[in-house]
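J.: just the structure for this:
(one chain, ligands or ions: 1)
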Amino acid sequence: MGEEQIHKRRVRYKGTHPRKFSEKYKELNPEKYGDTIEKVISKGSTPAGMHIPIMVEEILDVLKVQPGDVGLDATLGYGGHSGKILEKLKGSGHLYSLDIDPIEIVRTEKRLRDKGFSEDVFTVIRTNFKNIDEVSGTAGKFDFLMADLGVSSMQIDNPERGFSYKNEGPLDLRLDPSKGEPASERLKKLTKDEFTGMLIENSDEPYAKEIATEVFNEFRKKKEINTTTDLYKAIEKALSFIPEKERKDAVKKSSQRTFQALRIDVNSEFEVLEEFLQKLPDVMKEGGRIAILTFHSGEDRLVKQYFKMYKRDGVLSEISDVIRPSAAECARNGRARSTKLRWAVR
Ligand SMILES: C[S@@+](CC[C@H](N)C(=O)[O-])C[C@H]1O[C@@H](n2cnc3c(N)ncnc32)[C@H](O)[C@@H]1O
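T.: Numbering: from 1, shown residues only. Down below sits the predicted model:
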């Protein structure tokens, strides 16, 4: 392709560096611009359209993947963990990887197939991980299983998905946009008390009442909350009583928690995780190894409760305490900071 054509396809942006997701054409083409990707990662950031896998070495240590093993990655995402696991299988055995995101799953499967992982060793299934019993019904019981809960960086950073208050976009927050309703629609159906309860239960939001009051004031004034920025502005207004010096940080944290609470709700994340944990022992071989990464206290609490109950009842033979990523990993990848790993042996 001629240089002229490449220029035509580039996105124009103001200033010296692209700021918007869609303008970051180099980061969005990692195969072509490897040096840009390395530069962004070395600064502790995640390149647009990419996800840096977390606690990879710790997870591989736990899962002890051997050639010939059959395993499950319940959350394929960008395929960072799946790729490393496939390397350990050395072409023998099988990895089943699941995701509900219809957009990213296609890109990730292509990326891994291009690396040479064929259907003989690797199957990608678009399904909710609450259906692990069905997957195991055809795949058999697993020697190892991992789950890296929550959202990927590609989902968070893409404004069209509406996951982050930092980028203007539709207030959607669905992992599978082909099902259910976006957060903007969900919000309209809640009462003020229900929204307050959601913010407290899902995210321990200290200003739940103030935020819910402001959102419902907007509704009363017949104003709509359809975009990420509409919601962010309502949160900013709700917290205007906080002294100016502390306000910026408070708004940032409350926005993160509010978006997380809505995401958990529109994707029924607690219900789904609970169903997955209930089915987990039956899909594992005896001695099978399990690793789960969580990103907030609600998720970790559920995993801990189930692991403890299964250990007490003799369903799991061994369970770990919480393991955190190293300080070096958190410095390299800011998104690792809230991660907790728990592992268990069937
Ligand atoms: C943190 S990312 C996984 C990143 C991955 N380990 C990697 O290295 O690239 C979480 C992924 O799980 C998916 N996911 C979340 N809930 C799910 C569910 N209930 N069933 C299937 N996939 C789910 C999300 O769509 C997202 O792609």
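J.: for the rest of this, base every contact and every neighbour count on C-alpha atoms.
T.: Noted.
J.: top helix in this protein by residue count?
T.: helix 244-266 (DSSP state H).
J.: please identify the buried residues of that helix?
T.: Applying a neighbour-count criterion of 16 or more other C-alpha atoms under 10 Å, one finds 250-252, 254-266 buried in helix 244-266.
J.: what's near enough to touch the spatially most central residue of the chain?
T.: For the chain, the residue nearest the mean C-alpha position is Val151 (1.5 Å; C-alpha atoms, centre = their mean). Taking C-alpha atoms under 8 Å, 6 or more residues apart in numbering, we find Val151 in contact with Gly77, Leu175.
J.: how near is it to the ligand?
T.: Taken as C-alpha to the nearest ligand atom, to the nearest Å, the spacing of Val151 relative to the ligand amounts to 4 Å.
J.: cool, Asp120 as well?
T.: Asp120 sits 21 Å away from the ligand, taking C-alpha to the nearest ligand atom as the criterion.
J.: now do the SS call for that residue.
T.: Applying DSSP: H, G, I helix; E, B strand; the rest coil to Asp120 yields a three-state assignment of coil.
J.: and the closest residue to it other than its chain neighbours, what is it in contact with?
T.: In this structure, Asp120 finds its nearest non-sequential neighbour in His94, 7.3 Å apart by C-alpha to C-alpha, 6 or more residues apart in numbering. Residues touching His94, when contacts are defined by C-alpha under 8 Å, 6+ apart, comprise Gly68, Asp69, Val70, Gly71, Asp120, Val121, Phe122, Thr123.
J.: so the residue nearest to the centre of the chain, which state does it fall into?
T.: Assigned state for Val151: coil (three-state reduction, three-state DSSP).
J.: what's the answer for Thr196, then?
T.: Secondary structure of Thr196, per three-state DSSP, is helix.
J.: hang on, it packs against Ala208?
T.: Yes: checked against C-alpha atoms under 8 Å, the pair Thr196 and Ala208 is within contact range at 5.2 Å.
J.: tell me which of those two has more neighbours.
T.: Using other C-alpha atoms under 10 Å, the more surrounded residue of Thr196 and Ala208 is Ala208, with 23 against 19.
J.: could you measure from the residue nearest to Asp120 over to Val62?
T.: For His94, the distance to Val62 under the criterion C-alpha to C-alpha, to the nearest Å works out to 18 Å.
J.: how about the residues of the chain that lie near the ligand?
T.: Counting by C-alpha under 6 Å from any ligand atom, the residues of the chain lying close to the ligand are 51, 53, 75-81, 98-101, 127-129, 148-152, 175, 272.
J.: ok, 8 Å please
T.: Proximity of the chain to the ligand is confined to 51-54, 73-82, 98-101, 104-105, 126-130, 147-153, 155, 175-176, 267, 269, 272-273 under the rule C-alpha under 8 Å from any ligand atom.
J.: number of residues surrounding Tyr232?
T.: 23.
J.: cool, the one 4 residues further on as well?
T.: Taking other C-alpha under 10 Å as the criterion, the count of residues near Glu236 is 21.
J.: and the one 5 residues further on, by the same measure?
T.: Here the count is done by other C-alpha under 10 Å, and Phe241 has 10 residues near it.
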